[in-house]
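Participant: I would like the atomic coordinates for the input below:
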Amino acid sequence: MKKALFTIQKNEALTPTVWRMVLTGPADAVTAPGQFVDIELPGLFLRRPISVCAVDGDDLTLLYKVVGKGTEQMAAMEPGQTLDLLAGLGNGFDTAPAGESPLLLGGGIGAAPLYLLAKKLRAEGKEPRVILGFNSADEVYYADEFKALGCAVTVATADGSFGVKGFVTDAIPASYSYYFACGPEAMLRAVFAKAEGPGQLSFEERMGCGFGACMGCTHETVHGPKRVCRDGPVFRKEEIAW
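Facilitator: Next up is the predicted model:
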């Protein structure tokens, strides 16, 4: 974990609710896909945890969904402004057991950290297949960016307005070597129940401190309570007590 100031280079809307922010600063604290940053926002007591979408040298790309006061404040920020970040939080995904053809499943803003994961898997010579799930066509983002990495991409929308009608679980292929998933808990539960074989699931959770001191994001596992921010946000399928 590293506390540092980052300068906003770009802040733009990708959909009516999802924004992309590119910042420059000491991004070397991010060492694994699936890690997150905790952002201090003026006038707000708690930092906002945002997963890391991409790292390129000193540039850090964050995708965030505008859902409340903090993210509304972020969406109004301009290039040149600085933000205080705690960077390199969480454990991130482990690509060692991925095999040759891993499956990546992302729901809503949960697709964001899978981009850096897909990039790492491609660099390791793997051929990931990506399934992205959204409510409707106007929420779809980053499908082309995943394709540009060389990934096979399937989009599912709940209302059928784009791609496969249904959820990510409706588009799971017959075979894959391993799976990685990130999204809301309802989606993760569905993936946990349907997807065969081993995998890793990244949890979205409300957090207080973001580094394990407050115990506010505790999740039950087969080994007892674990903190999503410190022990996660990524847990192996066999650890999860569902």
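
Participant: Pretty sure residue 119 is one of the things residue 151 touches, is it not?
Facilitator: No. With contact defined as C-beta atoms under 8 Å, residue 151 does not count as touching residue 119 (9.4 Å). In short, each C-beta sits where N, CA and C put it, glycine included.

Participant: Could you give me the buried positions within the helix with the most length in the chain?
Facilitator: For the chain, the helix with the greatest residue count under DSSP state H is helix 112-123. Neighbour counts using 16 or more other C-beta atoms under 10 Å place 112-121 of helix 112-123 among the buried residues.

Participant: Residues in contact with stretch 173-188: which ones?
Facilitator: Identification of contacts with stretch 173-188 by C-beta atoms under 8 Å, 6 or more residues apart in numbering yields 34, 51, 93, 97-108, 110-114, 117, 129, 133, 167-169, 191, 195, 197-204.

Participant: from the residues you listed, which would you call buried?
Facilitator: Using 16+ other C-beta under 10 Å, the buried ones in these are 34, 51, 93, 98-99, 101-108, 110-114, 117, 129, 133, 167-169, 191, 195, 199-204.

Participant: separation between the nearest residue to residue 101 once chain neighbours are set aside and residue 52?
Facilitator: Leaving aside its sequence neighbours, residue 101 sits nearest to residue 177 (C-beta to C-beta, 6 or more residues apart in numbering; 4.8 Å). Taking C-beta to C-beta, to the nearest Å as the measure, residue 177 falls 24 Å from residue 52.

Participant: ok, these two, which is more surrounded?
Facilitator: Using other C-beta atoms under 10 Å as the criterion, residue 177 and residue 52 rank with residue 52 on top: 27 against 17.

Participant: avg pLDDT for the longest helix of the chain?
Facilitator: For helix 112-123, mean pLDDT rounds to 98.

Participant: what does it contact?
Facilitator: With C-beta under 8 Å, 6+ apart as the criterion, helix 112-123 contacts 33-36, 51-55, 62-64, 93, 95, 98, 102, 104, 106, 128, 130, 142, 145-146, 149-151, 180, 182, 202.

Participant: Out of the buried ones among the contacts of stretch 173-188, list just those in helices.
Facilitator: Going by DSSP H, the helices hold 112-114, 117, 191 from those.

Participant: out of these, what pair is the most spread apart?
Facilitator: 112 and 191 (16.8 Å; C-beta to C-beta).

Participant: Same question for the helix-or-strand element of the chain with minimal mean pLDDT: list its buried residues.
Facilitator: Among the helices and strands of the chain, strand 218-221 carries the lowest confidence by mean pLDDT, DSSP states H and E, at a mean of 83. Neighbour-count burial for strand 218-221 flags 218-219, 221 (criterion: 16+ other C-beta under 10 Å).

Participant: Could you do stretch 65-73 as well?
Facilitator: In stretch 65-73, counting by 16+ other C-beta under 10 Å, buried: 65-66, 70-71, 73.

Participant: Give me the distance between it and the centre of its chain.
Facilitator: Offset of stretch 65-73 from its chain centre (C-alpha atoms, centre = their mean, to the nearest Å): 17 Å.

Participant: pull the CA atoms of it into CSV?
Facilitator: Below are the C-alpha coordinates for stretch 65-73, written out as CSV (Å, rounded to 0.1, in the frame of the first residue of the first chain):
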residue,chain,number,x,y,z
LYS,A,65,-20.1,4.1,-11.7
VAL,A,66,-21.8,7.2,-10.5
VAL,A,67,-24.1,5.9,-7.8
GLY,A,68,-23.8,8.5,-4.9
LYS,A,69,-22.3,11.7,-3.6
GLY,A,70,-18.7,10.5,-3.8
THR,A,71,-18.8,9.3,-7.4
GLU,A,72,-20.9,12.3,-8.4
GLN,A,73,-18.1,14.5,-7.1
